[in-house]
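> Turn this into a structure:
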Amino acid sequence: MEKFMDINDEVKSKIDSFVKNNRVVLFMKGTPQQPQCGFSAKTVAALDSVVPDYISVNVLDDPEIREGIKVYGNWPTIPQLYIDGELVGGCDIILNMLNSGELHQSLGLKAPDRTAPEITVTPAAAEKIMEAMQGHEGIALHFEVNAAWDAQFNLAPPQGNEIASESNGIKVLMDIGTAQRARGAVIDWVSTMQGEGLAIDLPQAPAPVKQMTVQELAGKLKDGDITLVDIRGADERSRATIEGAQVLDQDTVAKLEQLPKDSALAFLCHHGNSSMGAAEYFRKQGFTDVSNVAGGIHAWSMEVDSSVPTY
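Numbering: from 1, shown residues only. Presented below is the predicted three-dimensional model:
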């Protein structure tokens, strides 16, 4: 009990309620949807690739828990993962356990598929990567595709449990989650108006958000073929609404996330700009039929239903 000596009973009770009443609990900075530090983001990506449901505690919302959790488990950093009431560790430990299969074992899951994905590094990309790696002895090229399908490369020493793929003389190391998402990936070097750089094509990624016209939306609503979600605040909705649109709040998000991934979703705002962010969030959750209503409710008023006020 000595480890609790710096935690008052109220804080200890709060932490106990999370740790003892939930099988998998992650104490982190931010939320799984919006991590507030790189270590929390990496840990979330690792967990998301293994277990669909877990409890997260945003320590930034409660300074007492933020400091108390460090004493509770005698672990000085955040994030911290607890499984079955026991402290597992922080970011580096979780990533190593993910790649070795220990995380799956701890969760009672079958051993992960460690088959190396087939990837293509074009000759142009291979040449640039080789140039960047010259003089970096003991450093490997790591490729990461997180749960939100954001991809990045970095140079770092190998950890030993990564999955390796090779193309055009370039060896790429990946964690298990990335290996699943990277199947069929093509890595090229391109020149654009913005400059030169690596371009990554991920065939496994969810389809991009579509821009839906208000006329298309009207047809789908008439047929009952789509769920329309209005992301505007209460004040704007009081001025103008589309009948049947759902309000975007925490309850709605939870319900939508439980829908089949091929459900048709459309997101609406005033002019079609802010709603794109909400649409993109659900695309990254694996939904394959996600649309943003182009022009928003303003376009609906002007082109479909003039009885809906403009503002």
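
> make it CA atoms for all contacts and neighbour counts henceforth
OK.

> Could you pull out the strands in the stretch 201-311 of the chain for me?
210-212, 227-230, 246-247, 264-268, 289-293 (DSSP state E, counting those that start in this stretch).

> For Glu10, which of those strands is the nearest?
strand 246-247 (36.0 Å; CA to CA).

> now the closest one: how far from the chain's centre is it?
23 Å (CA atoms, centre = their mean, to the nearest Å).

> Each with direction, which strands does it pair with?
strand 227-230 (parallel) (DSSP bridges).

> Just the pLDDT at Pro52, thanks.
Pro52 carries a pLDDT value of 73.

> Please, which helix or strand holds it?
Under DSSP states H and E, no helix or strand contains Pro52.

> Tell me how far it lies from Leu107.
Between Pro52 and Leu107 the computed distance is 12 Å (CA to CA, to the nearest Å).

> who's more crowded, those two?
Leu107 (14 against 7; other CA atoms under 10 Å).

> show me the contacts for the closest residue to that one other than its chain neighbours.
Leaving aside its sequence neighbours, Leu107 sits nearest to Ile83 (CA to CA, 6 or more residues apart in numbering; 7.6 Å). By CA atoms under 8 Å, 6 or more residues apart in numbering, the contact list for Ile83 reads 23-25, 106-107.

> between those, which has the most around it?
Neighbour counts for these peak at Val25, which has 23 neighbours (criterion: other CA under 10 Å).

> All the helices of the stretch 101-250 of the chain, residue numbers only.
Listed in chain order, the helices of the stretch 101-250 of the chain (DSSP state H, counting those that start in this stretch) span 102-106, 123-133, 176-181, 214-223, 234-239, 250-257.

> So, low pLDDT: which residues of the protein?
The model of the chain has pLDDT under 70 over residues 1-6.

> And for whichever helix in it runs longest, what's in contact with it?
Criterion DSSP state H: the longest helix present in the chain is helix 9-21. If you take CA under 8 Å, 6+ apart as the criterion, helix 9-21 is touched by 4, 25, 55, 64-65, 68-69, 72, 82, 84-86.

> returning to what we had before: quick one, which of the helices of the stretch 101-250 of the chain gets closest to Val44.
helix 176-181 (11.3 Å).

> on contacts alone, who are the packing partners of the closest one?
Counting contacts by 3 or more CA pairs under 8 Å, 6 or more residues apart in numbering; DSSP states H and E, helix 176-181 packs against strand 140-145.

> what's the strand it packs on in contact with?
Contacts for strand 140-145 (CA under 8 Å, 6+ apart): 151-158, 171-175, 177-178, 181-182.

> now stretch 172-185
45-46, 49, 95, 98-99, 112-120, 140-147, 149, 158, 161-166, 200-205.

> From those residues, list the buried ones, please.
Neighbour counting over the contacts of stretch 172-185 (16 or more other CA atoms under 10 Å) leaves 45-46, 49, 95, 98-99, 112, 114, 116-117, 119-120, 140-147, 149, 161-165, 200, 202, 205 as the buried ones.

> And stretch 53-60, what's buried?
Within stretch 53-60, the residues that count as buried by 16+ other CA under 10 Å are 56-59.

> any idea which of those residues is closest to Val253?
Among those, and counting by CA to CA, the member closest to Val253 is Ser56, at 16.3 Å.

> give the contact list for the closest residue to Leu95 other than its chain neighbours.
The shortest distance from Leu95 to any residue other than its chain neighbours is 6.5 Å, reached at Ala46 (CA to CA, 6+ apart). Each residue near Ala46 by CA under 8 Å, 6+ apart is listed here: 94-95, 98, 177.

> Turn these into TSV, including secondary structure.
Formatted as TSV, the contacts of Ala46 follow (DSSP: H, G, I helix; E, B strand; the rest coil):
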residue	secondary structure
Ile94	helix
Leu95	helix
Leu98	helix
Gly177	helix
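
> a markdown table please, covering these and showing distance to Asp251.
Converted to a markdown table, these look like this (distance: CA to CA, whole Å):
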| residue | distance to Asp251 |
| --- | --- |
| Ile94 | 30 |
| Leu95 | 31 |
| Leu98 | 31 |
| Gly177 | 28 |
